[in-house]
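1. Quick one, structure for this:
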Amino acid sequence: MTAEIQGSILPFNEEDYLAPTGERIVSDRYLLKDTKKETLSVGSLVVAVIDKKRAFHELARVIEVDAAGKEVKVELRDGFQLELPVDQIDVLQETVPRQMWQRIARGASVVTNDPKRWEERFYNLQAGWKYVPGGRINASLGTGVQTTSYNCFVIPNVGATPRDYANSFGQTLEIQARSGGVGMNLSQVPPQGSLTPVRDVRKADLQLVLDVWHADLLDFLKEGYQNSTKVVRVSREFLRAVEEDAEWTFVFPDTSVENYDELWNGNLTEWQENGYPVQIGETVQAEYLYEQILESGVMVVQDVIGMTLVPGDRRGTIAGTLADMWEALERGKRVSVILSSLRPRYSYVRGVNGRSSGAYSWGNLFDKGNYVFANGFGPVGVGEIMSVGCQLTLQGGSRRGALMLILNDRHADIKKFITCKQVDGVITGANLSVGVSEEFMAAKASGSTWQIGYPHLEEMSGFDGDFHKWEANGRELNVSEEMKAEDLWDEMMESAWKSAEPGVVFLGRYNAMSNSNYFNPIIATNPCGEQGLPAYGICNLGAVVLSRFAAGFKGASAPVAFGNPLLEAQIRDELKKQFADEQAEFLLHHIKWEELETAIRTGLRFQDAVIDATYYPFEENRENQLAERRVGLGIMGLHDLMIFSGITYGSDESTRFIEVLLGMIAEWTYLESVELAKENGPFPMFDADLYLQSGYMQQLAKEKPHVTDAIRKYGVRNVTTMTIAPTGTTGTMVGCSTGCEPYYAWSYYRNSRLGMFEENAKIVDDFYGAFPGVEQLPEYFVTAMDLSPVDHVRVQAALQKWIDSSISKTCNAPNSYTVEDTKKLYDLAYELGCKGVTIYRDGSRSEQVLSLKEEKADEQEQAGEEQNVLSPEEILALTNQTYKRQPRPDVLYGATYKKDTPLGSAYITINDDPELGLAREVFVNIGKAGSDVYASNVALGRAITLYLLDSQNPNKEAELVKTFSGIGGSSSVGFGERRITSVPDAIAKSLIEHSETFPLRHLDELLAGKEVACGHDHHANGNGKSLREYNVGKDYCPQCHQHTLVRQGGCSECEACGFSKC
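-> From the prediction side, this is the model:
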């Protein structure tokens, strides 16, 4: 450990040490920054923005500061040095995690009845990484900055009018800017075409205007707005500079000026005339800039006439401008939106510890707004707007906002909603789920029909999105379609199979089980699905790191002694209900149960204290939370704990282990909440009779009646106590399995300035360290893809029994999983009591580009077969043979595929070997003859051809697809299945297309009169597997720019850097 600490940049000790990836995460995301840079000096530790365009951050040490204090030289971990402007570094005010723990402990303890005592206990709770608060708590609590300590938000149902949409959009922006994730229900939004007719987009109706002085101008010129007209407004000063061949400097008002938000109206001349300072940006030659403007094809004007809207530079005014634009378009007006009032990209945003996405990026919001207006709004259109806003919100300078959109199963547009993500580029910034009612599931089970529709428009003002309540009150539903419930279910399943969305949230069951149903019904979930919430509902998160409570690996650790005989006897009894005596005794003394109880109880108190200690972005959030005091204490490192105990994740043994472990955690959280109720009173909306009628409490009463008896007698402080969040970032930081998920793989690739390097999961290195000489991992080391989807669902159901909220979990499935398999899996999840389910069929996301390691099924099948053994003489004869290449036939048949790549259009010709039916040669033509691009790609094609000619591997096409898929540089072209990251990636996609569509590959089927589908099925490659199956695995991470983004825990998480879309 000493050597590892010495190799770190942060001055760790053994208590708070993190591996390099964790070190970078904690520095970038959670350690407090000196935003004014008052402490900047030689030796300062900083987070340096190495690449502004991609928001790529690295931890570094300052080695020089220039005299003017405007530039610094920093040294990275590998010794590389570079110079950066001061605005591209964040100075660490906290330089080690233990300082962060102290800040957090102090911030939470001040609201307790004994601050000194609880500050110490809250610190000890975090020490040694036994418990990790939610990321928002780590980043905000005790800082004095107005960012919320809540991860999970649900806003009220989006209203029925365009102004309502904009208001909900504004609420979402405010929450996401403060690093919260948002869920919303769109069921109140009228069907597409109801409010405005569906028509073609008129680009002339909307002009997006940027002034020539704005620092985002060059990016604005490159931005491809599809639904509006780009306009650059030039000034006389600029035109004079062009004539005089002078320089031109970009400027923007100094946003640090007091009352900036009220003073700045978008008029730079007026700002400067009033004597306010400006921030100086880049300087370019005016003539060069003018040429760039003309070459881009934008409209150039000196004055903007007609209706103009200025969005200001605040989230509220941006949302208000969006509503104004829609209302003007509805009146038949043409609108100009002056984007110049919005600060340039990566400008610091005070109060939320964030960075701006830039004026040119916000132009996409208004551009999409014109498209949505022309397409008649509807839930999908409104979802598009929310999605764009989510992608434009930079949390803490790098992380985009997170969003969940839910539509209930009776809505007229439910079928459009289910299939919308099957179209490239639709709602790319949000997760989707269908809110499924108990009535629907009953109709499906009985084979009944199902009606979808919406109230009559003249009555929609009284509709809140609850269809069943609407009809129960005698109101009429305007039915748009009637179908078999099973048919609608099939559409959900097929879409989930194709694209992993929408997920399913059993909202009817959720409310039946919910402790708050009698006063605060659940309307949606947070983005990752683990927290169902009412309108204005919020929940803070934290996770006990279960891996810290194992004695070590089974067979290499000493037993743990108990100090509490009563607890020992209780847990022994619980274990013996599930295990034979010997295994029960092992688990009793292998897990640090007493320490775990202390962590659970203290964690519950800590998260309750956060409710009173944190900032609330909306008063409605504060009022709702103080009325119910909802918290979500969770876990991470579950898979690690099972491995330490020799238990295979997904096995029957694992679900029995969960029964004991989670049952005890649930008991401890509720008993501690009862203790808080004794001290401070129950939550204000508590009613013992109604509370204990919830489905969850009735179940708890059967299993642990002493807990519900205590609740009835004393009350309970928190309406809910538990949830299982994905913990993608914090789990990666600590170095354990995330949430309740199994490991996705045992090794993964990290990125450094010098390139990629492979790294094992920490538990793998720990295992080999504990068992010197062992060369293979035991059978209980399984990964997510080793398990069947049914294994995943059974684990989820075992956990859900004890979780009063919900669980963020993904059921990973192989690419070969069928639609029928998917239906059976969802039915099983419902039967077992899950509140929701999300399947991720490997390769179902068209953005996936890397392949998993080839399955070894063929090798296993051949293991038992008799092998032909050559004699030494035969081997010698073979080795002495001279190499002879087969001559090229005079005629080869093939096809040429045009693929757009980041380097331009590539023409890739693939000719087949007539005997093998596989590719024999590949030609790559891109760029102008004589150019370096042309030459290098001709060489690439020739190298591939040599490999194809000489390789005896029957799966050589698959090897090429595996090797070339996903290779990428700084940019990509296209979306979805047409997304291409490089020329090699284009070659891989051409090989797949060739194997599936080239007629001579399917000659036997054609001669037999069979119809050949040009799709993804039945086009095998030697070993019976489709080439498309080799083009799967992981997606591109927007933060570290590696193909290491995996779908788990209901969320997309990066193995390499810890980035989480949730």
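
2. Sort out which residues of stretch 676-684 are buried, please.
-> Of the residues in stretch 676-684, 676-677, 682-683 count as buried by neighbour count, 16 or more other CB atoms under 10 Å. Just so you know, the C-beta spots here come from the backbone N, C-alpha and C atoms, and that holds for glycine as well.

3. Narrow those to those in helices?
-> Those of the buried residues of stretch 676-684 mapping onto helices are 676-677, per DSSP state H.

4. Pick out the most distant pair among the buried residues of stretch 676-684.
-> Greatest spacing in the buried residues of stretch 676-684, by CB to CB: 676 and 683 (9.6 Å).

5. Pull up the overlap in contacts between the two.
-> Common contacts of residue 676 and residue 683 (CB atoms under 8 Å, 6 or more residues apart in numbering): 717-718.

6. Which one of the buried residues of stretch 676-684 is nearest to residue 550?
-> Nearest to residue 550 among the buried residues of stretch 676-684, with distances taken as CB to CB, is residue 676, at 28.9 Å.

7. ok, so what distance separates the residue nearest to that closest one when sequence neighbours are not counted from residue 945?
-> Sequence neighbours aside, residue 717 is the residue nearest to residue 676 in space, at 3.7 Å (criterion: CB to CB, 6 or more residues apart in numbering). According to CB to CB, to the nearest Å, residue 717 and residue 945 sit 71 Å apart.

8. quick one: which of those two has more around it?
-> Neighbours per residue, other CB atoms under 10 Å: of residue 717 and residue 945, the larger number sits with residue 717, 26 against 17.

9. Now do the same contact list for the more buried one.
-> Residue 717 is in contact with 608, 629, 673-674, 676-677, 680-683, counting by CB under 8 Å, 6+ apart.

10. farthest pair in those residues?
-> Based on CB to CB, the longest span within the contacts of residue 717 runs between 629 and 674 and measures 13.1 Å.

11. Looking at those two now, which is surrounded by more residues?
-> Comparing residue 629 with residue 674 by other CB under 10 Å, the one with more neighbours is residue 629, at 25 against 21.

12. who's in contact with residue 543?
-> Taking CB under 8 Å, 6+ apart, one finds 131-132, 134, 633-636, 725, 727, 730-731, 739 in contact with residue 543.

13. Okay, now the unreliable bits of the stretch 901-1050 of the chain?
-> Counting by pLDDT under 70, the stretch 901-1050 of the chain contains low-confidence ranges at 969-971, 974-978, 1003-1025, 1029-1050.

14. Please apply the same query to the stretch 451-600 of the chain.
-> In the stretch 451-600 of the chain there are no weaker segments when pLDDT under 70 is taken as the threshold.

15. can you check the chain too?
-> Using pLDDT under 70, the chain drops low at 1, 52-55, 350-354, 394-401, 749-757, 844-886, 969-971, 974-978, 1003-1025, 1029-1062.

16. What residue spans form the domains of it?
-> 2-98, 154-407, 537-741+787-800, 883-1010 (automatic domain parsing).

17. Would you map the strands across the stretch 301-450 of the chain?
-> 307-309, 335-338, 348-349, 354-355, 394-395, 399-400, 403-408, 431-435, 449-455 (DSSP state E, counting those that start in this stretch).

18. do you know which of these lies nearest residue 783?
-> Using CB to CB, the strands of the stretch 301-450 of the chain put strand 431-435 closest to residue 783, at 23.6 Å.

19. Return the list of helices and strands in contact with that closest one.
-> Packing contacts for strand 431-435, counted by 3 or more CB pairs under 8 Å, 6 or more residues apart in numbering; DSSP states H and E, involve strand 403-408, helix 414-419, strand 503-505.

20. Adding distance to residue 279 and mean neighbour count as columns, could you present the ones you listed in TSV?
-> What follows is those, written out as TSV (distance: least, CB to CB, whole Å; neighbours: other CB atoms under 10 Å):
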stretch	distance to residue 279	mean neighbour count
strand 403-408	31	28
helix 414-419	44	21
strand 503-505	44	24
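
21. who wins for proximity to residue 63 among the ones you listed?
-> With CB to CB as the measure, strand 403-408 is the member of these nearest residue 63 (41.2 Å).

22. Can you tell me the strand partners of that closest one and which way each runs?
-> Strand 403-408 sits in its sheet next to strand 181-185 (parallel), strand 431-435 (parallel), going by DSSP bridges.

23. Can I get those in a markdown table including distance to residue 304 and mean neighbour count?
-> Shown next, in a markdown table, are these (distance: least, CB to CB, whole Å; neighbours: other CB under 10 Å):
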| stretch | distance to residue 304 | mean neighbour count |
| --- | --- | --- |
| strand 181-185 | 34 | 28 |
| strand 431-435 | 38 | 27 |
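
24. Which among the ones you listed is found nearest to residue 556?
-> Closest among the strands paired with strand 403-408, using CB to CB: strand 181-185, at 40.1 Å.

25. For that closest one, C-alpha coordinates in CSV please.
-> Extracted in CSV, the C-alpha atoms of strand 181-185 (Å, rounded to 0.1, in the frame of the first residue of the first chain):
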residue,chain,number,x,y,z
GLY,A,181,-31.6,13.7,-12.2
VAL,A,182,-35.3,14.3,-13.3
GLY,A,183,-38.2,12.0,-14.0
MET,A,184,-41.5,13.1,-15.4
ASN,A,185,-44.8,11.7,-16.7
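
26. residues in contact with residue 637?
-> 545-548, 731, 734, 736-737.

27. Just send the helices and strands packed on strand 431-435 back as a markdown table, with distance to residue 33 too.
-> Converted to a markdown table, the helices and strands packed on strand 431-435 look like this (distance: least, CB to CB, whole Å):
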| stretch | distance to residue 33 |
| --- | --- |
| strand 403-408 | 26 |
| helix 414-419 | 41 |
| strand 503-505 | 36 |
